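Colleague: with the input below, show me the fold.
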Amino acid sequence: MADQEAAGLAAKVLTVSDGVIAGTRQDGSGEALVELLAGEGYRLADRRAVEDGVESVRDALSDMSDGFAGLIVTTGGTGFGPRDLTPEGTAAVLERRADGLAEAARLVSPFGRLSRAIAGTRGTALIVNLPGSPKGSVECLGAVLDAIPHALRLLADQPTEH
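Modeller: Numbers count the residues shown, from 1 in each chain. Model (predicted):
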């Protein structure tokens, strides 16, 4: 059921995966996030995939956030693998951190506590790293989704009730 607060808000999904880029892996987490966001009332403004790496993530997030007002979620690259560099690429573009979002998302499961994901803002975009598994990405986003419409309205300098 769509969240009335999220209706009309824009979202973008970035999948970070060598396997998806190589065509050896399906983008299950990206698809699951698109479905969740649409079900909550978000309008999908963009969906992309890039290979793992600091530069690829940094460049994609920089491009996706330029002039964008809305939510950008990444999926993949937040663990301990040698190519899991999504948090480092994300940190390179963030202007302000939103540690509470990343911390809340980590609490959803024991495996969530292994996540190195970060969250923060760049301009009027809110960027949130999520795990690469469909189940983990949906669970972690679900843990913070209730606060995101308010955060996006604050970033857009729109009136809020608080």
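Colleague: use CA for all of it now, contacts and neighbours both
Modeller: Fine.
Colleague: which intervals of this protein have sub-threshold pLDDT?
Modeller: In the predicted model, the chain carries pLDDT under 70 at residues 1-4, 159-162.
Colleague: could I get the full set of helices for it?
Modeller: Ranges of helices in the chain, per DSSP state H, are 18-22, 28-39, 54-65, 86-91, 99-106, 134-144, 148-155.
Colleague: most centrally placed residue in this protein?
Modeller: Closest to where the C-alpha atoms of the chain average out (Cα atoms, centre = their mean) is Val73, at 1.6 Å.
Colleague: identify the residues contacting that residue.
Modeller: Ala11, Lys12, Val13, Leu14, Ile127, Val128, Asn129, Leu130 (Cα atoms under 8 Å, 6 or more residues apart in numbering).
Colleague: let's see it at 7 Å
Modeller: By Cα atoms under 7 Å, 6 or more residues apart in numbering, the contact list for Val73 reads Lys12, Val13, Leu14, Ile127, Val128, Asn129, Leu130.
Colleague: so how many other residues sit close to the first one?
Modeller: Read that as Lys12. 25 (other Cα atoms under 10 Å).
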